[in-house]
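[1] Pasting a predicted model and its sequence here:
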Amino acid sequence: MPELPEVETIRQGLLRRLVDHEIIGVRVRQPNLREKVEVDMLLTNVVGRSIVGVERRAKYLLMQLRPEGILVFHLGMTGRLWLGKPVAQDAPHDHLVFHLGPDLELRFHDTRRFGMCFYTTTKELPEHPRFRHLGPEPLSPDFSGPYLEERARGLWKPVKNFLMDASVVVGVGNIYASEALFAARVHPKREVGRLRRPQWDRLCGAIKDVLQAAIDAHGTSFSDYVDSDGRRGDFQNQLLVYGREGAPCVRDGHPIRRMIQAGRSTFYCSRCQR
DNA sequence: CGGTGGACCTGCTGGC
DNA sequence: TGCCAGCAGGTCCACC
């Protein structure tokens, strides 16, 4: 479900309301997520500690604990974190409940259970198996046209698949990959080894622009994405190709097409993306 | 080595 | 109404 802009929106909401709260208790209703939740690990290392910050790396949310440690969440395709007053009854797919005081609790809800929640230490995080291989943040200066060109050297995979490879760049999922390729006027099937510097510069700029615009709009909501306060995003109104099969291209009026790449839908304009 | 396809899960929609 | 295929915003791993 959430790509970088949605996770970043959730992070900002959590940061405002979670900091300085102590985790008083944890209730695990369903440990079988993408990765089995280690209940003992949470009880030992998370309960009794306070949240002092909320950061993001790729699509992971990192809750900094005092005196030490990080509580990590990944939302997979359908994960949500709800922050609010304790509710009387658990809803279906409410898998984890973090008690934060008499008036506050955090619920991890995830229909498809592709999400994750685990504890790690600050020291171990960079070498953690889930983090070790991750590429640069797309909004950082490390992510540039020359960097993309260098990483693409000798490869022949389609550029869309390349942009969704987390070892190349993190946070670019299926929606924003299509949107960035459209903005840069690059055809999703182009082989990366044959793209030249101007195209890499355009793609890099398009990725930064699209992600920043989506963050500014608080993410994309189709039917169900909401942030930790239950608010929908607005970026669905600014999507130019994703989900618009058959609609006219905003640049040249040619119908937007859909195709399958690596098992995922790609939306593009066959006339102005080359 | 690089690249693809399927696996993991549940729920919704549209066609017959 | 029922059933079934296809689809969904992510990630990993076995296999060519």
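    Looks like it came in fine. Numbering: from 1, shown residues only, chains lettered A, B, ... in the order given.
[2] just the strands in chain A please.
    A:25-28, A:50-57, A:60-66, A:70-74, A:79-84, A:94-99, A:105-110, A:116-120, A:257-261, A:264-268 (DSSP state E).
[3] Take those and lay them out in a markdown table including mean neighbour count and distance to DNA strand B.
    Glycine gets a C-beta too; all of them are placed from N, C-alpha and C. Putting those into a markdown table (neighbours: other Cβ atoms under 10 Å; distance: least, Cβ to the nearest atom of the strand, whole Å) gives the following:
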| stretch | mean neighbour count | distance to DNA strand B |
| --- | --- | --- |
| strand A:25-28 | 16 | 16 |
| strand A:50-57 | 17 | 21 |
| strand A:60-66 | 20 | 17 |
| strand A:70-74 | 22 | 12 |
| strand A:79-84 | 22 | 11 |
| strand A:94-99 | 21 | 11 |
| strand A:105-110 | 22 | 9 |
| strand A:116-120 | 21 | 11 |
| strand A:257-261 | 15 | 8 |
| strand A:264-268 | 19 | 9 |
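[4] Quick one: closest of those strands to residue A:14.
    strand A:50-57 (4.7 Å; Cβ to Cβ).
[5] how about low-confidence regions in chain A?
    A:1, A:223 (pLDDT under 70).
[6] Near DNA strand C, which residues of the stretch 101-250 of chain A? Just list them.
    The stretch 101-250 of chain A comes close to DNA strand C at residues A:112, A:114, A:130, A:166, A:173-175, A:219-225, A:233, as judged by Cβ under 7 Å from any atom of the strand.
[7] Among the residues you listed, which are located in helices?
    Judged by DSSP state H, these include A:174, A:175 as members of helices.
[8] and the two most separated of the residues of the stretch 101-250 of chain A next to DNA strand C?
    Across these (Cβ to Cβ), the longest gap, 28.2 Å, separates A:130 and A:223.
[9] These two: who's more crowded?
    Taking other Cβ atoms under 10 Å, residue A:130 and residue A:223 do not tie; residue A:130 has more neighbours (17 against 6).
[10] The more buried one against residue A:60, yeah?
    Yes - contact criterion Cβ atoms under 8 Å: residue A:130 and residue A:60 qualify, at 7.3 Å.
[11] circling back: what about DNA strand B: which of the residues of the stretch 101-250 of chain A next to DNA strand C touch it?
    Within these, those near DNA strand B by Cβ under 7 Å from any atom of the strand are A:112, A:114.
[12] shared neighbours, residue A:130 and residue A:60?
    A:72, A:74 (Cβ atoms under 8 Å, 6 or more residues apart in numbering).
[13] burial measure for the residue of chain A found nearest DNA strand C, as a count.
    In chain A, the residue that lies nearest DNA strand C is residue A:173 (2.1 Å; Cβ to the nearest atom of the strand). A total of 22 residues lie near residue A:173 under the criterion other Cβ under 10 Å.
[14] circling back to that earlier point, just name the closest of the residues of the stretch 101-250 of chain A next to DNA strand C to DNA strand B, please.
    residue A:112 (3.2 Å).
[15] and that closest one, how far is that from residue A:160?
    As judged by Cβ to Cβ, to the nearest Å, residue A:112 and residue A:160 stand 23 Å apart.
[16] Which one's more surrounded, these two?
    Higher neighbour count among residue A:112 and residue A:160: residue A:160, with 25 against 13, using other Cβ under 10 Å.
[17] With adjacent residues omitted, what lies nearest to the more buried one?
    residue A:188 (3.9 Å; Cβ to Cβ, 6 or more residues apart in numbering).
[18] Quick check, the one you found in contact with residue A:179.
    No - if you go by Cβ under 8 Å, residue A:188 and residue A:179 don't touch, sitting 11.1 Å apart.
[19] Could you pick out the residues of chain A near DNA strand B for me?
    Proximity of chain A to DNA strand B, by Cβ under 7 Å from any atom of the strand, involves residues A:32, A:34, A:92-93, A:111-114, A:154-158, A:161, A:262-263.
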